[in-house]
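1. Let's see this in three dimensions:
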Amino acid sequence: MIEQDTIKLLRECDSGIKMGVSALDEVMDQVEDLHLRRQLTQCRAHHEALSHKAQCLLERYQDEGKDPPAMAKGMSWLKTNWKMAVDGSDHAIADLITDGCSQAAKTLVRYLHQYPAADQPSKALAAELVALEDELVKELRPYL
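-> Numbers count the residues shown, from 1 in each chain. All right, here's what the predicted structure looks like:
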């Protein structure tokens, strides 16, 4: 039970991290404010570091992780491109990213409850990712 919950939680973390990096990559070229660009770049770097942690933990269980669901990735791409076509401002970018961060944090907390037998390092990774998402939401509030 512990191993299965651990693997499932790690897969969801891996998928969420990949989704976050992809979302940041989609908007980064359109960011005009240098401070906002720096914040998003730092957040992307933190996601990459967490991705490395997730991969190391997954390797312990001989698992390759999980890509984001194609439907979720496609819907995110459509929403981002539609919103950026209508309003490509930093305000719109902050709005998109905060929505994504809030959804990611909510989903990860749900997975923490769904997989209570996961090992402590995996739970800590998920909690660190939730904290990262919450912190970015706070940092982006001035741009909303």
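
2. Check which residues of the worst-scoring helix or strand of the chain on mean pLDDT are buried.
-> Across the helices and strands of the chain, mean confidence by mean pLDDT, DSSP states H and E is lowest for helix 70-86: a mean of 85. For helix 70-86, burial by neighbour count (16 or more other C-beta atoms under 10 Å) applies to Lys73, Ser76, Thr80, Lys83, Met84. From N, CA and C alone the C-beta is placed, and that goes for glycine too.

3. what's the answer for stretch 34-47, then?
-> Quick answer for stretch 34-47 (16+ other C-beta under 10 Å): Leu36, Arg37, Gln39, Leu40, Cys43, Arg44, His46, His47.

4. Looking at those, which are in helices?
-> Leu36, Arg37, Gln39, Leu40, Cys43, Arg44, His46, His47 (DSSP state H).

5. would a markdown table of those with distance to Arg110 be doable?
-> Shown next, in a markdown table, are those (distance: C-beta to C-beta, whole Å):
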| residue | distance to Arg110 |
| --- | --- |
| Leu36 | 29 |
| Arg37 | 31 |
| Gln39 | 26 |
| Leu40 | 25 |
| Cys43 | 22 |
| Arg44 | 24 |
| His46 | 22 |
| His47 | 20 |
